[in-house]
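Q: give me the fold of what follows.
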Amino acid sequence: MRYDEYDRVALTRAVDDLWEIDGLRLLRALISIPAQSPGFDPQWERTGDLRRAVELVRQWAASRAVNGLEAQVVDGPGLSPMLLLEIPGTGRHATEDTVVFYGHLDKQPAGAGWRPACCRRGARRASIRSRRCAANSAAPQAR
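A: Coordinates of the predicted model:
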């Protein structure tokens, strides 16, 4: 089936519903974990916030209905945890090529103009506000 043969209205509604039901819940939970990078939280291993953030997203990813998805946390003493998600190619589109998406789940500390509790759970006026919930450093890499 080609893209232009899909019911775009139904597809848009399904994606919007999934975002409202599932995406925002995950985002709110992730924002509520004050997981700062080791450069800003020298006690990161003791607090366990980075581990909790990575585990939250691992559990979410593992609960998705994606054939062949393997989700694991990779870490070691003194190394911040990393989430590894692997999905094998299938069907006629399967190849030996690899695509890697890299991002991070740690946050920068709140700076000037942000309330100290900006990462706490909750939304104001039906929106999520957190300086610490996203960064534009994720970039796909193919090899």
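
Q: quick one: the most centrally placed residue in the chain from L11, how far?
A: Central residue check for the chain by Cα atoms, centre = their mean: the C-alpha nearest the mean position is that of V57, 5.7 Å away. Using Cβ to Cβ, to the nearest Å, one obtains 25 Å as the distance from V57 to L11. The C-beta positions use only the backbone N, C-alpha and C, and glycine is treated the same way.

Q: quick one: M82 and Q72 touch, right?
A: No - with contacts defined as Cβ atoms under 8 Å, M82 does not count as touching Q72, sitting 9.4 Å away.

Q: compare the two (neighbour count), which wins?
A: More neighbours surround M82 than the other of M82 and Q72, with 15 against 11 (other Cβ atoms under 10 Å).

Q: quick check on G76: phi, psi?
A: When read as degrees, to the nearest 10, the backbone of G76 gives phi -170, psi 170.

Q: partners of it in the sheet?
A: Listed by DSSP bridges, the beta-bridge partners for G76 are L79.

Q: same deal with A71?
A: Assigned bridge partners for A71, using DSSP bridges, are L85.

Q: correct me, but it touches I87?
A: No - in this structure A71 lies outside contact range of I87 using Cβ under 8 Å: 9.6 Å.

Q: who has more neighbours out of the two?
A: The neighbour comparison of A71 against I87 (other Cβ under 10 Å) goes to A71, with 18 against 14.

Q: do you know how far E55 is from D106?
A: Spatial separation of E55 from D106 under the definition Cβ to Cβ is 14 Å.

Q: swap in Q72?
A: Distance of Q72 to D106, computed by Cβ to Cβ: 19 Å.

Q: just give me the neighbour total for the nearest residue to D49 once chain neighbours are set aside.
A: Distance criterion Cβ to Cβ, 6 or more residues apart in numbering; nearest residue to D49, sequence neighbours excluded, is A35 at 4.0 Å. Summarising burial for A35: neighbours were counted as other Cβ under 10 Å, giving 26.

Q: wait, what's in contact with A35?
A: Shown in contact with A35 (Cβ atoms under 8 Å, 6 or more residues apart in numbering): 44, 49-50, 52-53, 105-107.

Q: again, only using 7 Å
A: Residues in contact with A35, defined by Cβ atoms under 7 Å, 6 or more residues apart in numbering, are 49-50, 52-53, 105-107.
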